[in-house]
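> Sequence first, predicted model second:
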Amino acid sequence: MDIYLLEAIINGILLGGVLALLALGLNLIFGVIDVVWICYADIVMCGMYAIFFLYAQYHVPLPLAFLIAIIGIAALGILVHLFIIAPVLDSAPINQLLATGGLLFFLQSFATLLFGTDFRNIGVRLPVLEVATIYVSFARLIAFAVALIGAVALYVFLKRTYIGTAIRAISQDREIVGLMGVDQRRIYLVVSGIGGALAGLAACLLALQYDVHPFIGNTFGPVIFMICVLGGLGNMIGGFIAAFVISQIIAIGGYYSSTELSYVFAFTFFIVLMFIRPRGLFAP
Amino acid sequence: MTPMLSLATVSAAYGSFQALFGVSLDVARGEAVGVIGPNGAGKTTLMRVISGILPMRDGTMSIEGREIGGLPAHRVVEQGIAHVPENRRLFPRLSVEENLRIGAFIPSARARFAEQLDWVYQLFPRLKERRGQPAGTMSGGEQQMCAIARALMSKPKVLLMDEPSAGLAPIVVQQVFELVHRIRAEGLTVLIVEQNVQQVLDVVDRAYLLEVGAIKLSGTAAELKGNSFIREAYMGL
Ligand SMILES: Nc1ncnc2c1ncn2[C@@H]1O[C@H](COP(=O)(O)OP(=O)(O)OP(=O)(O)O)[C@@H](O)[C@H]1O
Ligand SMILES: [Mg+2]
């Protein structure tokens, strides 16, 4: 096999890790709260700015900056739920979309106002590894490994703890969990916090690879939604797998043509699939 | 003696539609009490109001003298009331054991999870065999057993059962009613809604007849079995 193709495939797998992490967060929130956080990628953007300022501006050690960003974005997730989602929880889905969509524009404009449209980089240069003449970015390798660890941790949490079991139960029967002593509102806060923490973790991984600017959410936000719909909205395992399918299409498409065109391939694949399997790749 | 569960002039509504009109009932400690009545009488509504899924509009409600009216559902469980809902309502994609674990969500039940699980598996050996299976893939009877077991996991004092025999084969219906005996033998107080009037009157001490959201008649099981109105309208005799 062509060595460059192999390299593209490997990079595709590595890229899939972070996308899978974000798809998990979005699907978790949708599955439990029944709300789509249109602004999810822009919450990641906030995390990236937090890391940039903490590390590059105020010289906080990188691991600590990462930790603060994750906790801070988890808190932001809880605030988003309390102030934006909770008030519209019982209204029509379109109002909920407008609320989180409004937050997207708010975050982008606010970031532009505060930080300008400059591209900023935290300036951490990680080496490029050469393994048997294949070049792999070390940052991507870390991102992939950490994303995988994050996903496994989430799985164990959902599978082994009382709260985790309640989170899975609530998406199957919203009304009846109360009879088990589960406070729905508390579960929603926990889930929003986890969703935020996953966005914060993704922000750490992306900050190592990309510049941050107010509109960076637009570059991967649509891809994450596409992944979630492809895997079946709310289906966490489906979204996880779909992330790797899409990232492969982008990576291999990029190898044969250009990066821009590879996104066109991915969206074309998505649209065609939606005609064949409108409820997602893994719908029964 | 203060009753285990006591309702006084309780009213409830869905929006502007009133479903319960001043319902009063008492259940003594260790007693089994039935609620019978036609479709749409408000039996399920009554259960939902007691367990707090549906807020009460008016009246008072207490367990062992402690007021529970107005508490949200997740707080009512902590007071010792468990509700086996109409149509079982298991979490179909969770395993049997995960359903039971959710049943033990409240802190006091978590602390004695292993002990409760042993007890419940002893009551329902079938569930132990199926512990890893998704609950939704079991037979109707097994699912009903699982729903009852899930409620028992919180170690309640009062068990509310809403039509536990609905949709089950006659032999399974028999098992469900036998279970009421066994649950009482364990010291629980039972309030059970049933359409199977004949059979429920064999297992309860007393019963109430609910019609259009109000108690129309009440008495001991023997009295109601002998009541000509009940015999004609509800037992087809
Ligand atoms: N969610 C709801 N919204 C509006 N009205 C409702 C709702 N649930 C029940 N009702 C109405 O309240 C009344 C009582 O219903 P409920 O379910 O308590 O009756 P039931 O005695 O349990 O009947 P069944 O024997 O069929 O289970 C009925 O007229 C029903 O149409
Ligand atoms: Mg009913």
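Good, I have the coordinates. Keep in mind the model is a prediction, meaning the values are calculated, not measured. Ligands and ions are numbered 1, 2, ... in the order given.
> Near the closest residue to ligand 2 within the stretch 1-150 of chain A, how many other residues are there?
Nearest to ligand 2, among the residues of the stretch 1-150 of chain A, is residue A:90, at 24.5 Å (C-beta to the ion). Where C-beta positions appear, they are placed from N, C-alpha and C, glycine not excepted. Counted with other C-beta atoms under 10 Å in any protein chain shown, residues neighbouring residue A:90 total 8.
> what's the answer for residue A:166, then?
24.
> Which residues are in contact with residue 181?
No chain in the question, so chain A it is. Neighbour list for residue A:181: B:74, B:77-78, B:105-106, B:109, B:154 [criterion: C-beta atoms under 8 Å, 6 or more residues apart in numbering or on different chains].
> You answered for a different chain; I wanted chain B.
Neighbours of residue B:181 in contact, by C-beta under 8 Å, 6+ apart: residue B:203.
> And for residue A:30?
A:36-37, A:228, A:233-234.
> Inside helices: which ones of these?
residue A:228 (DSSP state H).
> Please pick the buried ones from the contacts of residue A:181.
For these, a burial check counting by 16 or more other C-beta atoms under 10 Å in any protein chain shown picks out B:74, B:77, B:105-106, B:109, B:154.
> Does residue A:235 touch residue A:241 like I think?
No: the criterion here is C-beta atoms under 8 Å, and residue A:235 misses it with residue A:241 at 9.4 Å.
> Quick check: neighbours shared by those two?
By C-beta under 8 Å, 6+ apart, the residues touching both residue A:235 and residue A:241 are residue A:282.
> So those two - more neighbours on which side?
Neighbours were counted for residue A:235 and for residue A:241 using other C-beta under 10 Å; residue A:235 has more, 22 against 18.
> what bridges to residue B:83?
Beta-bridge partners of residue B:83, counted by DSSP bridges, are residue B:160.
> Contacts for the helix or strand where residue A:241 lies next, please.
Element membership for residue A:241, per DSSP states H and E: helix A:236-256. The contact list for helix A:236-256, computed with C-beta under 8 Å, 6+ apart, reads A:4-5, A:8-9, A:11-13, A:15-17, A:19-20, A:23-24, A:26-28, A:31, A:151, A:223, A:226-228, A:230-232, A:259, A:261-266, A:269-270, A:280-282.
> Which members of those are classed as buried?
If we count by 16+ other C-beta under 10 Å, the contacts of helix A:236-256 have these buried: A:8-9, A:11-12, A:15-17, A:19-20, A:23-24, A:26-28, A:31, A:151, A:223, A:226-228, A:230-232, A:262-263, A:265-266, A:269-270, A:280-281.
> Keep only those of the residues you listed that are also close to chain B.
Restricting those to those within reach of chain B (C-beta under 8 Å from any C-beta of the partner chain) leaves nothing.
> If we look just around chain B, which residues of the stretch 51-200 of chain A are in range?
A:162, A:165-166, A:168-169, A:172-173, A:175-184.
> And the residue of chain B closest to ligand 2?
For chain B, C-beta to the ion, closest residue to ligand 2: residue B:44, 3.1 Å.
> for that residue, what are its contacts?
Taking C-beta under 8 Å, 6+ apart, one finds B:86, B:162-163, B:193 in contact with residue B:44.
> redo that, cut-off 6 Å
B:86, B:162 (C-beta atoms under 6 Å, 6 or more residues apart in numbering or on different chains).
> Please report phi then psi for residue 101.
No chain in the question, so chain A it is. phi -60, psi -40 (degrees, to the nearest 10).
> any idea how far residue A:137 is from it?
Distance of residue A:101 to residue A:137, given as C-beta to C-beta, to the nearest Å: 33 Å.
> more crowded one of the two?
residue A:137 (19 against 15).
> Would you mind naming the residues that bridge with that one?
residue A:128.
> okay, now residue B:224: neighbour count?
Using other C-beta under 10 Å: residue B:224 sits among 25 other residues.
> Tell me which other helices or strands the strand or helix carrying it touches.
According to DSSP H and E, residue B:224 maps onto helix B:221-226. On a contact count with 3 or more C-beta pairs under 6 Å, 6 or more residues apart in numbering or on different chains; DSSP states H and E, helix B:221-226 meets helix B:197-203.
> Can you tell me the closest non-neighbouring residue to residue A:203?
residue A:47 (2.7 Å; C-beta to C-beta, 6 or more residues apart in numbering or on different chains).
> so the one you found makes contact with residue A:72?
No: counting by C-beta atoms under 6 Å, residue A:47 does not reach residue A:72; the two are 7.4 Å apart.
> quick one, which of those two is more surrounded?
Between residue A:47 and residue A:72, counting by other C-beta under 10 Å, residue A:47 is the more crowded of the two (29 against 19).
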